[in-house]
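**Student:** got a structure for you, letters missing:
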């Protein structure tokens, strides 16, 4: 019998009782029978022997029932005679009846048990032959044969108990009722909150669950280039309502005094900037832990001050990314000493658990159908749509107050909705979609509170004149060619009518009307001076007004009913005084401000709305021809602007570190899913960390190189015992064939000898989610990102070539910068020994930079070859030797050996097999990944590593490959100091899965 059959039989007989035995040794009885009984006194021993033979897997051979040399065709008279003689000789004289009967009884019980139990999952009527089956048998037991009816009844009773109680409202019409639909949606938002536009997005986007929300990642249709064209020529719409709003109230002096501790004027704007403090402009800055600048970054934020109203108390909105919210909120409560919660948040409107229980009781009592005139059914409408925040527990506090200073901090996340329009025609979309609210001095209905706040404010002549001034400025936007013409961060408050009333019959494309405002002096004044401070005021700052607007919104059903009653179908619906008035806030987004190319690209407007009005504004924007983008489009928008994206490009804050860990985990799982023969061998490619950027290790190694050299004039070169090349290979400029390293090859090839410790560390997954300090050998806070505007402008000026044909005209702002001398840059290095610098890179020739690509310093030979041959694409990295290949092979053989041992132990003792998890005393090494502690990352390859790429792709805006990333400040200054004047800023890029280096130009935009 083959080994597979033996295993199968051993597994099948594992749970059989010990008394059940099968013949292991054939007896020479007539007809192939075995011995009827053992000899006296040896019954028990023979039974044990039989069981041991049976458990080891007896082979059913044809000689089991026939004597040796006898086949089935040879059974003759003589054969029977011989067998009879042998039987008579071995026949026992007596047997022990009790033992014999006991063994046979056990066998009979086992047989009866096997017969009575079903071995399959089929029903009784399914065991019948096909010609005897009838459809009625599945629900009518009497259609079965009588011998099977009793068993079928038991099956039916068992199925009734196991079946879940079906809801009585199971038809589609009942499921689509508003009361049931909203209750289901609320149930599905227990873990991840939906935005108000969620259902619209879910039908058209790939949805992802991030930061406590369910967000649209990218459109399901092919729209990559279409979204870029919308950002460049027309308008792109995004829902940013998942951003969190933290509101601060208190005396201006108290607020500014404490807020100054978590920001620095060295990085740019602060909270006390005069233009922002007046409420005219929006500001942006980076927050740090109190008095810890430049270390311990919290993250980037934007802020808006409420315009002054004559009171000493001020109101401030700080908008933060949801990944940063908890850290920033915790720090704000610490510096203001707001430890006491003002009130407990129960998100409104939301259905409590008691209401849901009552609703379920009412629905179940109504039966399958509920008539409209049923009074009990009318009462069963307590369910309201959840409009809450996904970053906190609904029962947590949402407002805190400091008893000493009176400063109050409120979490207004999801209370204010935020949409973003990107593109040159975004203001045209705004002016066509929104119309300023008409002045109203009388209530439409005294019983309702609809627009009562608006009527009260319209009785004040100053507020009416302010509203008219805001409306006039809003109409002037139609005559502008682009939002970038406005001063950066301009704020305009406005009160508008219901945008659903102005909905066009079909989709149109909003276009500006330049002829109407060609010679208008007011448009010129708006260009030069911007919006006055008074016009930045909006009623959206008032909580009570926002709550009134949300609760008294006219439903879509009522609005459609009014449209149906029009005498001329499709004509304009005039609601008169019943039309809702909505306070909004418009904030201009300046787009690309740094750098010399594409100024103002990606500019647009942000619209702030009260909650509950999300879809009422969303659909009218769609009807004006905008294209909608998701998280991926927001990522590309920041990439083309060459600005850091939150939290991807903030490696020195907790949210950025968490993002890097999650990205590393997903890339490693994707790598493991591929077969070993289809994976890239990163050890041979010289890529130490393909799934995460070791920033701490990079900055630490550059600091050690500087200390070892005693200066930057003669820095320490890569150690010869660590990296030696056997001749530098150059790429033919005409035939640009990139040599990809095959993961498994036995051919002799040129290699780079890499020395490392003999024993590979048997850590957890080689690139599993670890702290940066565990991989780098340094603390997570061992590095910082340089954000000083003064130093960045100095570095930016040094990156430009000052001689040769590639010399670029310096901007006026760079004319006052100092020359690059040791007296200038040595103090910088002493102040920031472990700093990273945000850079952007543009490839000179072909190539497409990828995530985690290495930024390297070119050698003198590389620059010389490039100056001689302009078509030179770059050098190639010689292949490295995989020092872990033998260890992986030995581990694989060890696993096979253990597996064989387990199989043998299974055959001998099926019950005593140890679990696989217990036998594994270490995690597997992965072929192609560096399994030891990281060596010096700067000198591991033939070109010195300067930094890493965090985002890279072919840029539709620049028409070439572009990348964004960080480089070591020490390495950058060393490279610029040693490069010739006409080659300043030239670096090499190499993707993790390639040996080819490509030239790129490095820039720092401030």
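**Tutor:** All right, it came through fine. Predicted model only: the values in this text are computed from it and were never measured.
**Student:** Output the contacting helices and strands for the longest helix anywhere in the chain.
**Tutor:** For the chain, the helix with the greatest residue count under DSSP state H is helix 885-908. Contact here means 3 or more C-beta pairs under 8 Å, 6 or more residues apart in numbering; DSSP states H and E; on that basis helix 885-908 packs against helix 3-12. The C-beta positions use only the backbone N, C-alpha and C, and glycine is treated the same way.
**Student:** what's the following helix or strand after the helix or strand where residue 428 lies?
**Tutor:** Assigned by DSSP states H and E, residue 428 belongs to helix 426-433. Using DSSP H and E, the helix or strand that follows helix 426-433 in sequence is helix 452-458.
**Student:** what comes up buried for the helix holding residue 428?
**Tutor:** Using 16 or more other C-beta atoms under 10 Å as the test for burial, helix 426-433 gives 426-433.
**Student:** with those residues in mind, which one is nearest to residue 954?
**Tutor:** Nearest to residue 954 among those: residue 426, at 25.8 Å, using C-beta to C-beta.
**Student:** Confirm for me that the closest one is in contact with residue 235.
**Tutor:** Yes: the criterion here is C-beta atoms under 8 Å, and residue 426 meets it with residue 235 at 4.8 Å.
**Student:** any residues in contact with both of the two?
**Tutor:** With contacts taken as C-beta atoms under 8 Å, 6 or more residues apart in numbering, the residues that reach both residue 426 and residue 235 are residue 604.
**Student:** So which residues make contact with stretch 621-634?
**Tutor:** Residues from elsewhere that reach stretch 621-634 (C-beta under 8 Å, 6+ apart): 201, 204-206, 208, 210, 215-219, 223, 226-227, 230-231, 234-238, 419, 421-422, 429, 432-433, 503-504, 506-510, 637, 645.
**Student:** Just the buried ones among these, please.
**Tutor:** For the contacts of stretch 621-634, a neighbour count by 16+ other C-beta under 10 Å gives the buried set as 201, 205, 208, 210, 215-216, 218-219, 223, 227, 230-231, 234-238, 419, 421-422, 429, 432-433, 503, 510, 637, 645.
**Student:** Okay, and which of those map to strands?
**Tutor:** Judged by DSSP state E, strands contain the following of the buried ones among the contacts of stretch 621-634: 205, 208, 210, 215-216, 218-219, 236-238, 419, 421-422.
**Student:** Of those, which is the nearest to residue 666?
**Tutor:** Using C-beta to C-beta, residue 208 comes nearest to residue 666 of those, at 11.9 Å.
**Student:** For that closest one, give me the pLDDT.
**Tutor:** Confidence at residue 208, expressed as pLDDT, is 93.
**Student:** Next one: the residue nearest to it when sequence neighbours are not counted from residue 959, what distance?
**Tutor:** Using C-beta to C-beta, 6 or more residues apart in numbering and skipping the chain neighbours, the partner closest in space to residue 208 is residue 217 (4.5 Å). Going from residue 217 to residue 959 by C-beta to C-beta, to the nearest Å gives 27 Å.
**Student:** go on, residue 511?
**Tutor:** Taking C-beta to C-beta as the measure, residue 511 falls 27 Å from residue 959.
**Student:** who's more crowded, the two?
**Tutor:** Just comparing residue 511 and residue 959: by other C-beta atoms under 10 Å the higher neighbour count belongs to residue 511, 14 against 9.
**Student:** pLDDT value on the spatially closest residue to the more buried one that is not a sequence neighbour, please?
**Tutor:** Closest residue in space to residue 511, ignoring its immediate chain neighbours: residue 428 at 6.1 Å, by C-beta to C-beta, 6+ apart. According to the prediction, residue 428 has pLDDT 88.
**Student:** Over to residue 163?
**Tutor:** Residue-level confidence at residue 163 comes out at 57, pLDDT.
**Student:** now do residue 472
**Tutor:** Confidence score, pLDDT, at residue 472: 88.
**Student:** Quick check: neighbours of the strand ranked longest in the chain in the sheet, parallel or antiparallel?
**Tutor:** Longest strand of the chain, by residue count under DSSP E: strand 945-955. According to DSSP bridges, strand 945-955 forms sheet pairs with strand 854-856 (antiparallel), strand 960-968 (antiparallel).
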